[in-house]
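Visitor: Give me a 3D structure for the following:
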Amino acid sequence: MKKIVKKVLSLALFSLTFAVASAEEFKGQIMFNGSSSLAPVISKISTDFIEGYVTWDKVNSEFPKKNIAIYVSAGGSGAGVKSVIEGVSDFGMVARLVKDSEKEKIADYKEFVVASDALTISVNKENPILKYQKDISSETLKKIFSGEYKYWSDVDSRLEKKEIVVVTRDFGGGAHEVFQKAVMGKTDVKADAIQAPSMGALATKIVENKYAIGYASFGMYNQNKDKIEAFSVDGVEPTVDNILSNAYKIQRPLLFIKSGELTPQEKAFVDYIFSEKGMEAVSKSGYIPVK
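Guide: Numbering: from 1, shown residues only. All right, here's what the predicted structure looks like:
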């Protein structure tokens, strides 16, 4: 009888020790780094997730009672990829296609596409060019952004000789890479273009300057439609249908990447991102949620 009691006590002690060890090993925080376009969306979803559950045991009764901590840092798409390659964050946020050369550096590469986005060629609603045209050609864009066209009168002779203020994202970011590939090709954007640190800052520059032009994200354009106007490009408007069908060519995916399998808690949050509530947050941000 004593042997049985000892065995039961031993098993109970083992179970308790295992449970404590598991709780200690459980990682209660998740880190995202990268795209400044995707960062506000993931931040909003993570805030909803944290406020809704507070501790991990409320997410799943098998998880320990640890506070949920999700950190989102915006440093650009390149930084997002680099953070995963170097293992300094759990997820890298990217607002462009991930290159094969980058994927090769990430062991057991995983990719999660959250939304579709487009770069709208936008101007201030008071820009005089809108009196004469609502469409712009790729060739004209190339001449504007390279600096070959310096004044709005170069674009349309009916306009005053007012300097074109070109606004871009930083040259090392995902948005610039998408624009370079889709519009500029081998022609460089002029070196003295205003490089905005975020899409919000880019849209603000256009709102503040009557003679500015820039490539505002579809989400940011939708948030500022009362103040800025988007051209159709080569006759194609930046609408949801045209973006999803690839008819509008200046577009990109918004996604996050990871090395290796998801931990149970990471999977719980990723599932939440792709839930109806998560996709609602994506939609409210002005982007096109994945189906």
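
Visitor: Give me the phi and psi for the residue positioned nearest the centre of the chain.
Guide: Of all residues in the chain, the one closest to the mean position by C-alpha atoms, centre = their mean is Leu38, 2.4 Å from it. Taking degrees, to the nearest 10, you get phi -80, psi -30 for the backbone angles of Leu38.

Visitor: Let me see the contact set for it.
Guide: 93-95, 114-115, 254-256 (C-beta atoms under 8 Å, 6 or more residues apart in numbering). Just so you know, the C-beta spots here come from the backbone N, C-alpha and C atoms, and that holds for glycine as well.

Visitor: With His176 instead?
Guide: 168-170, 189.

Visitor: repeat for Ile136
Guide: Taking C-beta under 8 Å, 6+ apart, we find Ile136 in contact with 121, 231-233.

Visitor: Next one: it from Ser232, what distance?
Guide: 8 Å (C-beta to C-beta, to the nearest Å).

Visitor: Tell me where the stretch 51-200 of the chain has strands.
Guide: Taking DSSP state E, counting those that start in this stretch, the strands of the stretch 51-200 of the chain run over residues 69-74, 91-94, 109-124, 135-136, 165-169, 194-196.

Visitor: list the buried ones in the longest one?
Guide: When you say that, I think you mean strand 109-124. Of the residues in strand 109-124, 114-124 count as buried by neighbour count, 16 or more other C-beta atoms under 10 Å.

Visitor: Give the residue spans of this structure that score low on pLDDT.
Guide: For the chain, the stretches with pLDDT under 70 are 1-24.

Visitor: Okay, helices next: where are they in it?
Guide: For the chain, the helices defined by DSSP state H cover 2-25, 39-53, 56-59, 77-85, 100-103, 138-146, 152-155, 174-179, 199-208, 218-223, 240-244, 264-273, 276-284.

Visitor: what packs against the third one?
Guide: Meaning helix 56-59. When contacts are defined as 3 or more C-beta pairs under 8 Å, 6 or more residues apart in numbering; DSSP states H and E, helix 56-59 packs onto helix 264-273.

Visitor: returning to what we had before: pick out the most distant pair among the contacts of His176.
Guide: Within these, Asp170 and Val189 form the most distant pair, 11.1 Å apart (C-beta to C-beta).

Visitor: Please say which of those two ends up with more neighbours.
Guide: Val189 (20 against 16; other C-beta atoms under 10 Å).

Visitor: Look up how far Glu229 lies from the closest residue to the more buried one other than its chain neighbours.
Guide: Once flanking residues are discounted, Val189 sits nearest to Phe145: 4.9 Å by C-beta to C-beta, 6 or more residues apart in numbering. Here Phe145 is placed at a distance of 18 Å from Glu229 (C-beta to C-beta).

Visitor: Looking at those two now, which is surrounded by more residues?
Guide: Neighbour totals were compared for Phe145 and Glu229, and Phe145 leads with 26 against 19 (other C-beta under 10 Å).

Visitor: wait, isn't the more buried one in contact with Val183?
Guide: Yes - between Phe145 and Val183 there is a contact under C-beta atoms under 8 Å: 7.2 Å.

Visitor: need the helices of the chain in CSV with distance to Ile129, can you?
Guide: Below are the helices of the chain laid out as CSV (distance: least, C-beta to C-beta, whole Å):
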stretch, distance to Ile129
helix 2-25, 61
helix 39-53, 30
helix 56-59, 52
helix 77-85, 31
helix 100-103, 38
helix 138-146, 11
helix 152-155, 6
helix 174-179, 19
helix 199-208, 13
helix 218-223, 17
helix 240-244, 22
helix 264-273, 40
helix 276-284, 31
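
Visitor: Which one of the ones you listed lies nearest to Asn33?
Guide: Closest among the helices of the chain, using C-beta to C-beta: helix 77-85, at 4.2 Å.

Visitor: could you check the angle strand 165-169 makes with the closest one?
Guide: For helix 77-85 against strand 165-169, the angle by axes from the mean of the first three to the mean of the last three C-alpha atoms, to 10 degrees is 10 degrees.

Visitor: got a list of contacts for helix 77-85?
Guide: Under C-beta under 8 Å, 6+ apart, the answer for helix 77-85 is 33-35, 75, 89, 91-96, 98, 102, 105-106, 172-174, 177, 256-259.
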